[in-house]
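Novice: need coordinates for the following:
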Amino acid sequence: PMADAKETTVEADAADGLATSGAGNSIGLLRDGSITSPRFSPAPAPSTTNEKDIMSQRPDMAALFASATTGTGTAERSKLTKTLNSLAWRTRHSLAERYPLTINIPSQPSPVTFHVKQVQGGEIDGTYGTGATVWPSSIVMIKYLELQTSKYPNFFKGKSIIDLGAGTCISSLACALLGARLVVATDGNDHCVELAASIVDAACSELEDIVGRTASGGDGDGGRAEGVEARQDGGDVITLSRTSAGTGARFIGRGEVRVRKYSWGKDDLSILQETEQNPYDIILCSDCVLPKLYPIAPLVEAIAALSGPDTLTYVAYEHRYYSEFNPKTRFRELCERNGLVVNVIPHSGHHPSYCVDDIELWTVRRAA
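Specialist: Below is the predicted model of the structure:
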């Protein structure tokens, strides 16, 4: 657990706060900060059917699994099965050019899948850095938020969201589908901003095709003009994407998705002006607490600048060793200096299929 941080269940707290407020890669970072290839990456759903394939490549784990099947090894087998499932969803699409994400949306009768483009090797060639691939922590956060909408269907209704270090925009697109009013996907890398814009355009086209089949049962327009189509059971099917003919604004579900360049701690005023009801209701930050590559202080300063009394920030953090200091402890210290309070979401609150020991979820709020 985070040093001196109280582990507490924050799901109800998060819901109350919202109600009142109106990357896979062929190259990666090990915990010691060294580069490895390939790096583990997520896929849309875990499956125990991959155990055989994984163990054929890892005889050490196969031996461990075999020893856990006998005698008093039931607990060990359960833990190992969880580990194998984690490896499965982290690795299945790590090198895919188009990374698929399947998500359950409260307004839709069946799950929806969309894809985001990945570009491998951005850390090495100096172009995209770490932002052009999907990171496991992003999926853990998305699946946690998806779980919240299954419990509280209006979890995102009417909310404005800013995604810091959005990279492939996978979290931004997911939150728009889950019901957000506005999502501003930001990155400080010009190449990533350009990539993100193209990913949002591609997602709009892909989701238009999906809603044409889902809402109308054929190849019709699925009620795109108004964004809503009547369902046979009397409910509504929200058009999954559309582009405003007048302004060119891109909509996913009922929410607008914008892509902007934003360097942490700079141009705070202009990025706040993206939302009419600033500051933002929700801030997303996935796998950005990575001091070997990015200084932590500007990130915390950005969170503080963009937060209001009711703003809730979600941070997804993957454990990595850093020799100079403990990144978790430093993040919390910097938050305290900026009037922010950090809480750890216990693993028991994570999505059960996307809960792994080396990835934590935190919430950050302004101190009372």
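Novice: what's the nearest residue to N338 if we skip its chain neighbours?
Specialist: Nearest non-adjacent residue to N338, counting by C-beta to C-beta, 6 or more residues apart in numbering: A304, 4.0 Å away. Placement of C-beta: from N, CA and C, glycine included.
Novice: dump the residue contacts of the one you found.
Specialist: N338, G339, L340 (C-beta atoms under 8 Å, 6 or more residues apart in numbering).
Novice: what does the first one show for phi and psi?
Specialist: Geometry field for N338 lists phi and psi as phi -100, psi 20, criterion degrees, to the nearest 10.
Novice: what pLDDT does it get?
Specialist: Predicted confidence (pLDDT) for N338: 97.
Novice: these two touch, right, it and L299?
Specialist: No - judged on C-beta atoms under 8 Å, N338 makes no contact with L299 at a distance of 10.6 Å.
Novice: who's more crowded, the two?
Specialist: Each of N338 and L299 has its neighbours counted (other C-beta atoms under 10 Å); L299 has more, 23 against 18.
Novice: give me the pLDDT for the more buried one.
Specialist: 97.
Novice: that one belongs to a helix?
Specialist: Yes - under DSSP: H, G, I helix; E, B strand; the rest coil, L299 sits within a helix.
Novice: circling back to that earlier point, element containing the residue nearest to N338?
Specialist: helix 296-306 (DSSP states H and E).
Novice: which positions in that helix come out as buried?
Specialist: Within helix 296-306, the residues that qualify as buried are I296, A297, L299, V300, E301, A302, I303, A304, A305, L306, counting by 16 or more other C-beta atoms under 10 Å.
Novice: kindly report the same for stretch 85-103.
Specialist: Judged by neighbour count using 16+ other C-beta under 10 Å, the buried positions of stretch 85-103 are 85-96, 99, 101, 103.
Novice: backbone dihedrals for the closest residue to I283 other than its chain neighbours, please?
Specialist: Closest residue in space to I283, ignoring its immediate chain neighbours: T313 at 4.0 Å, by C-beta to C-beta, 6+ apart. Dihedral angles phi and psi of T313 (degrees, to the nearest 10) take the values phi -110, psi 130.
Novice: residue contacts, T313?
Specialist: I282, I283, L284, C285, I303, S307, T363, V364, R365.
Novice: and the helix of greatest length in the chain, what does it pack against?
Specialist: For the chain, the longest helix by residue count, based on DSSP state H, is helix 190-216. Packing contacts for helix 190-216, counted by 3 or more C-beta pairs under 8 Å, 6 or more residues apart in numbering; DSSP states H and E, involve strand 112-117, helix 170-177, strand 182-187, strand 228-230, strand 236-238, strand 241-243, strand 250-252, strand 255-261.
Novice: now those in JSON lines, please, with extra columns for mean pLDDT and distance to I271.
Specialist: Formatted as JSON lines, the helices and strands packed on helix 190-216 follow (pLDDT from 0 to 100; distance: least, C-beta to C-beta, whole Å):
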{"stretch": "strand 112-117", "mean pLDDT": "95", "distance to I271": "22"}
{"stretch": "helix 170-177", "mean pLDDT": "96", "distance to I271": "14"}
{"stretch": "strand 182-187", "mean pLDDT": "96", "distance to I271": "7"}
{"stretch": "strand 228-230", "mean pLDDT": "40", "distance to I271": "30"}
{"stretch": "strand 236-238", "mean pLDDT": "47", "distance to I271": "27"}
{"stretch": "strand 241-243", "mean pLDDT": "67", "distance to I271": "23"}
{"stretch": "strand 250-252", "mean pLDDT": "90", "distance to I271": "18"}
{"stretch": "strand 255-261", "mean pLDDT": "95", "distance to I271": "7"}
